[in-house]
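>>> Sequence first, predicted coordinates after that:
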Amino acid sequence: MSVPDQVPTPDDRPLDSSVVAALYLEHGEELRRFLLGILRDPALTADVLQATFVKMAERGHETKTDSRKAWLFRVAYHEAMAYRRREGVGDKILRRVAWNAKRTTAPADESLLRWESVQTVRQALETLPAEQRQVVRMRIYEEKTFAVIASELKIPLGTALGRMRTALIKLRAHLGDQFAPDGAGDANE
Amino acid sequence: MNERQTIMNPRHSDDALDWTAFCYLAGDLNAQDVAEFELRLAEEQPAREALARAVELSQIVAAAESQEACISTVGRAPRSRSNWSTRFSWMAIGGLASLAAGLLVAFQLGQFDRLIRQVGATNQFALATAWSQAGDELSQLAEVGLAPRALPQGSESDEELTSSWISHIDDPMQETPSWLTAAVSTQFVEAPEQTPGGTEAL
């Protein structure tokens, strides 16, 4: 007789705190970045992240072990969208830039890991063709829209988009495993 | 891009998903595309992970570009600071060297001065002794009538004083007084190395 897919713990008790902590260590950082992509605000991101793991502690025993990551992301997404609907800040949020370093408050240990990634990316940027490097800089660092970039460089909008897309592909390829889907930011493990 | 292309080229779909996630993150999607992508975020774990990757890559690129901007902006300043720092360092070294040289010279001069004082003290002692002896010898000369003629106080002229001594000295019968010899001999104690022969110059 096969075991049902969703089997609560025999005592139907919430997950042990150590299990929740382990899940946070494994998926917390990637989940935080995901939420930042939706909410564009570090403080809101922290709040929603906390709420997500509180739910995991309360109801995680109802999930299967191998699907808890997807469960966490799904819960986080719904929590974030619920906040946006509640506050009516959907469009306003989407106009923010999620990668502004001044608004990002990363934990100290992540900062140490991030430094190595920054150095790797700096080297990767130097390998890009000048025109691609320029578009990357104008879009991400100078936060100009692609329309403005195309206008300033006197190139078609599609060309600006194409250069950016090609550059991102090269950067990801250069950085390799650091951006693996199941281990983002855990290159040292 | 149709479903067949997606299945046959997963890498192509990954790139496309990453690009869409970046455009969503950058705010470059129109309202319809935003809604479609957010539906995918609600249902597809790959789309969520693509968005997380886009956030991380964008943050790192922004940090890298920020570093480059800082380096290019302050690139000259460290050089000028180092120039001034170098200048001050050399000035300090020069000052210390001058001070050290001055101290060394002062020390040596002090030593020399101490030596001269010692010699001087010796000379003074010798002169004092010589004067004392001269006084005794003059007394002895006076007893035998050979003492120089005393001149009235305050009325002596240089010629008179000198002539009295010359006549006294030219007298072949006179011995060179010992105090004179002692005064001459101490001149060579001051700087025994100043003359080639040192004390042999005596």
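Received it, and whenever you're ready, just let me know what you need. Numbering: from 1, shown residues only, chains lettered A, B, ... in the order given.
>>> what distance separates the helix or strand containing residue A:167 from the centre of its chain?
Assessed by DSSP states H and E, residue A:167 sits inside helix A:157-175. Its chain's C-alpha centre and that of helix A:157-175 lie 19 Å apart, by C-alpha atoms, centre = their mean, to the nearest Å.
>>> Stretch A:155-169 too?
With C-alpha atoms, centre = their mean, you get 22 Å for stretch A:155-169.
>>> and that stretch, anywhere near chain B?
Yes. Using C-beta under 8 Å from any C-beta of the partner chain, stretch A:155-169 reaches chain B at A:165, A:168, A:169. All C-beta atoms are positioned from the backbone trio N, CA, C, and that covers glycine.
>>> Report the rounded mean pLDDT for that stretch.
Stretch A:155-169 carries an average pLDDT of 95.
>>> Same question for stretch A:75-88.
Mean predicted confidence for stretch A:75-88 is 90.
>>> How far away from the center of its chain is that stretch?
16 Å.
>>> If you count neighbours, what's buried in that stretch?
Using 16 or more other C-beta atoms under 10 Å in any protein chain shown as the test for burial, stretch A:75-88 gives A:75, A:76, A:77, A:79, A:80, A:81, A:83, A:84.
>>> Work out for me the element the residue most central in space within chain A sits within.
Nearest residue to the geometric centre of chain A (C-alpha atoms, centre = their mean): residue A:33, 2.6 Å. In this assignment (DSSP H and E), residue A:33 forms part of helix A:17-39.
>>> next one: residue B:35
Per DSSP H and E: helix B:31-43 holds residue B:35.
>>> Which secondary structure elements does that helix sit against?
Packing partners of helix B:31-43 (3 or more C-beta pairs under 8 Å, 6 or more residues apart in numbering or on different chains; DSSP states H and E): helix A:68-87, helix B:10-26, helix B:45-73.
>>> CA-only coordinates of it in CSV, if you can.
Only the C-alpha atoms of helix B:31-43 are listed here, as CSV (Å, rounded to 0.1, in the frame of the first residue of the first chain):
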residue,chain,number,x,y,z
ALA,B,31,0.5,46.2,-18.3
GLN,B,32,-0.6,43.1,-20.2
ASP,B,33,2.8,41.5,-20.1
VAL,B,34,3.1,42.3,-16.4
ALA,B,35,-0.2,40.6,-15.7
GLU,B,36,0.8,37.5,-17.7
PHE,B,37,4.1,37.2,-16.0
GLU,B,38,2.6,37.6,-12.6
LEU,B,39,0.3,34.7,-13.4
ARG,B,40,3.3,32.7,-14.1
LEU,B,41,4.9,33.7,-10.8
ALA,B,42,1.8,32.5,-9.1
GLU,B,43,1.9,29.0,-10.7
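>>> So what angle separates the directions of that helix and helix A:17-39?
170 degrees (axes from the mean of the first three to the mean of the last three C-alpha atoms, to 10 degrees).
>>> Show residues contacting helix B:31-43.
Defining contact as C-beta atoms under 8 Å, 6 or more residues apart in numbering or on different chains, one finds that helix B:31-43 is touched by A:38, A:74, A:77-78, A:81, A:94, B:20-21, B:23-24, B:29, B:47-48, B:51.
>>> one step back: just the buried residues from the residues of stretch A:155-169 next to chain B, in PyMOL please.
Applying 16+ other C-beta under 10 Å to the residues of stretch A:155-169 next to chain B leaves a buried subset, and the PyMOL line that selects it is:
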select buried, chain A and resi 165+168
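>>> which element is the residue lying closest to residue A:174 once chain neighbours are set aside on?
Nearest non-adjacent residue to residue A:174, counting by C-beta to C-beta, 6 or more residues apart in numbering or on different chains: residue A:124, 4.0 Å away. In the assignment (DSSP H and E), residue A:124 maps to helix A:108-127.
>>> residue ranges with poor pLDDT in chain B?
Residue ranges of chain B with pLDDT under 70: B:1-12, B:75-88, B:109-202.
>>> rerun at 50
B:1, B:4-7, B:150-156, B:158, B:161-173, B:180, B:183-184, B:187-202 (pLDDT under 50).
>>> Residue numbers of it in contact with chain A?
So far as C-beta under 8 Å from any C-beta goes, chain B lies against chain A at B:15, B:18-19, B:21-22, B:24-28, B:34, B:38, B:41-42, B:45-46, B:48-69.
>>> Drop anything exposed from those residues.
Buried among these by 16+ other C-beta under 10 Å: B:15, B:18-19, B:21-22, B:24-28, B:34, B:38, B:41, B:45, B:48-65, B:68.
>>> circling back: give me the helices and strands touching the helix holding residue A:33, please.
Going by 3+ C-beta pairs under 8 Å, 6+ apart, helix A:17-39 lies up against helix A:42-59, helix A:68-87, helix B:10-26, helix B:45-73.
>>> Tabulate those helices in a markdown table, adding columns for distance to residue A:120.
Output for the helices and strands packed on helix A:17-39, formatted as a markdown table (distance: least, C-beta to C-beta, whole Å):
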| stretch | distance to residue A:120 |
| --- | --- |
| helix A:42-59 | 24 |
| helix A:68-87 | 26 |
| helix B:10-26 | 18 |
| helix B:45-73 | 8 |
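>>> Determine which of these approaches residue A:118 most closely.
Between residue A:118 and the helices and strands packed on helix A:17-39, the shortest gap by C-beta to C-beta is with helix B:45-73, which sits at 4.7 Å.
>>> export stretch A:39-46 as PDB, just CAs?
Written as PDB, here are the backbone C-alpha positions of stretch A:39-46 (Å, rounded to 0.1, in the frame of the first residue of the first chain):
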ATOM      1  CA  LEU A  39       7.700  44.500  -3.700                       C
ATOM      2  CA  ARG A  40      10.800  46.600  -4.600                       C
ATOM      3  CA  ASP A  41      11.200  47.600  -0.900                       C
ATOM      4  CA  PRO A  42      13.600  46.000   1.500                       C
ATOM      5  CA  ALA A  43      11.500  46.700   4.600                       C
ATOM      6  CA  LEU A  44       8.300  45.200   3.100                       C
ATOM      7  CA  THR A  45      10.400  42.300   1.800                       C
ATOM      8  CA  ALA A  46      11.600  41.500   5.300                       C
END
